[in-house]
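Trainee: Here you go, sequence then predicted model.
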Amino acid sequence: MASTQRQTAANMPDYDAARASFSWEQARAQLSGLPGGGLNIAYEAVDRHAQGPLADTVALRFIRRSGERLELTYAQLLDESERFAGVLRDLGVDRGERVFSLMGRLPELYASALGTLRHGAVFCPLFSAFGPDPVEQRLRLGDARVLVTTPPLYVRKVAHRRERLLGLEHVLLVGDEQEIERITDVEDLRRLMASARRSASIADTRPEEMALLHFTSGTTGTPKGAVHVHEAVVAHHATGALALDLHPQDVFWCTADPGWVTGTSYGIVAPLTHGVCSIVDEADFQVDRWYEILQRERVTVWYTAPTAIRMLMRAGEEVAGEYDLSDLRFVASVGEPLNPEAVEWGRKAFGMPIHDNWWQTETGGIMIANYRSMEVKPGSMGRPLPGIEAAVARRHSKGHPVLARDGTLELVDVGTESGELVLRPGWPSMFRDSLGEQARYRACFRGGWYLTGDLVRRDDEGYFWFVGRGDDVIKSAGHLIGPFEVESALLEHPSVAEAGVIGKPDEIAGELVKAFVSLVPGQTADEELRRELLAFARRRLGSSVAPREIEIVAAVPRNRSGKIMRRLLKARELGLPEGDISTLEPES
Ligand code: ATP
Ligand code: MG
């Protein structure tokens, strides 16, 4: 039975009309702004709802590992964040100082994020599974003054390096009281919060004041620290409406961890600014658990990642059929290219296509998307958000076609030609700096455009198609080959679970296409299957694009945010050093 949710009207019924009339000033006017002027993310996310008719609406519903639920209304979330801000005030933390978190998706993580922003300090979430080295590097680079974490994570990852982290003055632990008492040089966050005088007044932050620090996923190299400001909330809110189609009664589930930008922009900020109920699952991906959450919590809008979709696909469409997902009305995906087969699978399993969208840590929010009211072309990432000007460009300069400093930009025509995706700077959630790397930051802008480093193609209807990351694109016998196209074709073979494609140096062709594939459970990796895959790819792609070599592997290496690390496949293939693997998912 179709639920009432499914019948809501799309926030953006007509893309072209919305594009023509959109302005960031109007988007800003959808928010309240601080009573005395200024703009603060926490005020837009919490205060204005907690002080109005949504005070008793559930803001965050946590599902503990055990399955137990814990809810915080907007009023309670305000209370928690006021207490956390009170703790920072009592500790003497100043505006602009960095508060880091290193913990699972516990309620205190969300109170810390919002309390830090409310205090006018800068919040930097780290993914809890990072090892001691990546944690130390980031704490150092970000000049952490406060760290919020749990006793086991602190003991395993930070305690033995504490003396080297001179700026890290306060470590606030969330966990068992007695366990915390046994650890030196730390404080018990829950105890501090219980006794803190709440900080009722919110910092009068300016829109351009630094609010968030996010490290990139480290897919192409050492992670960069992207600096974001309070004004980013204008883009978070606008994209929540236009790209995710959030409506007041929605139950929204963003499956990303706040340690990655998606889990903060869309796991904390955007849904709260819309006053919806947001689901937070403490546990990691499990097929049954995720379907159960979608069913039991009556999730209406779901924002997830291609890897998760492909894992559900592997479990079978019939499994989806065992659950009542009739409340679900919009499914979106980000982080990696979404292969056409996965988009179509959404139609069978959920009765709607999966809406791919594109953005990166640096852009702070969704830039290109498939919108609810627009026809989905499977394999395309959609069209630029109203307010965002996107183009396809080639970098030009004498001698060095790609990376010379004096390079000019040439925009590429619509059609089959691919080039770098470039965006016109000036949207609110654009990063304002790369921490400690000003020259690198400046090098991202040229000829009035921001260079994303991703290669795309744009068709005559203005849809963008992902070709590959600039670093991953393969040049073979005069052709530019995007790994995504080859991976998508391999993924259509029923035996293939995951595929990663690289260019392998070759004397004659320059590079030849090599694919690494992992198999679905129950398939045996033998020579016959390998040959079949080679032939299958050749039939789909033609001999100039199809992989010349295929290697069957136990798993394709991914990083913690689910992205295939092709540079690692390449380094291993060539016997070169592996480089920064701080975000690598351990291969089991
Ligand atoms: P690093 O910059 O450290 O190498 P990263 O680029 O993987 O890491 P993120 O900012 O988390 O770090 O990821 C953004 C990138 O993810 C994009 O630049 C793009 O390459 C890829 N991406 C995101 N969404 C999509 C999508 N819908 N289709 C294709 N690629 C996507
Ligand atoms: Mg990147």
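Mentor: Received the coordinates, thanks. Ligands and ions are numbered 1, 2, ... in the order given.

Trainee: The residue of the stretch 51-200 of the chain found nearest ligand 1: what's it in contact with?
Mentor: Per C-beta to the nearest ligand atom, residue 127 is where the stretch 51-200 of the chain lies closest to ligand 1, at 11.2 Å. (Glycine included, C-beta is placed from N, CA and C.) Residues near residue 127 by C-beta atoms under 8 Å, 6 or more residues apart in numbering: 257, 259, 260, 560, 561, 583.

Trainee: Hmm, which of those residues is lowest in pLDDT?
Mentor: In terms of pLDDT, residue 561 ranks lowest among these, with 84.

Trainee: Provide the secondary structure category for that residue.
Mentor: Here residue 561 is coil, with the state taken from DSSP: H, G, I helix; E, B strand; the rest coil.

Trainee: In this protein, where is pLDDT below threshold?
Mentor: In the predicted model, the chain carries pLDDT under 70 at residues 1-6, 396-407, 414, 416, 587-588.

Trainee: what does it put close to ligand 1?
Mentor: Taking C-beta under 6 Å from any ligand atom as the test, the list of the chain residues beside ligand 1 reads 216-221, 223-224, 260, 334-337, 356-358, 360-361, 381, 452, 454, 466, 469, 561, 563.

Trainee: which among the residues you listed end up buried?
Mentor: 216-220, 223-224, 260, 334-337, 356-358, 360-361, 381, 452, 454, 466, 469, 561, 563 (16 or more other C-beta atoms under 10 Å).

Trainee: and these, which of them are in strands?
Mentor: If you go by DSSP state E, those have 356, 357, 358, 381, 452, 454, 466, 469 in strands.

Trainee: Now do the contacts for the residue of the chain positioned farthest from its centre.
Mentor: In the chain, the residue that sits farthest from the middle, by C-alpha atoms, centre = their mean, is residue 508; the gap is 39.1 Å. Applying C-beta under 8 Å, 6+ apart, we find residue 508 in contact with residue 477.

Trainee: Tell me where the stretch 1-150 of the chain has helices.
Mentor: 15-21, 24-29, 41-42, 48-50, 74-91, 107-119, 132-141 (DSSP state H, counting those that start in this stretch).

Trainee: what do you get for the stretch 251-400 of the chain?
Mentor: Secondary structure of the stretch 251-400 of the chain (DSSP H, counting those that start in this stretch): helices located at 261-264, 270-273, 287-296, 306-315, 317-321, 340-350.

Trainee: And for the stretch 451-588 of the chain?
Mentor: So, for the stretch 451-588 of the chain - with DSSP H, counting those that start in this stretch - the helices run 483-491, 527-541, 566-574.

Trainee: Would you mind putting the ones you listed into CSV with mean neighbour count alongside?
Mentor: Shown next, in CSV, are the helices of the stretch 451-588 of the chain (neighbours: other C-beta atoms under 10 Å):
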stretch, mean neighbour count
helix 483-491, 23
helix 527-541, 15
helix 566-574, 18
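
Trainee: Columns distance to residue 115 on top of the ones you listed, output as TSV?
Mentor: Formatted as TSV, the helices of the stretch 451-588 of the chain follow (distance: least, C-beta to C-beta, whole Å):
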stretch	distance to residue 115
helix 483-491	40
helix 527-541	52
helix 566-574	37
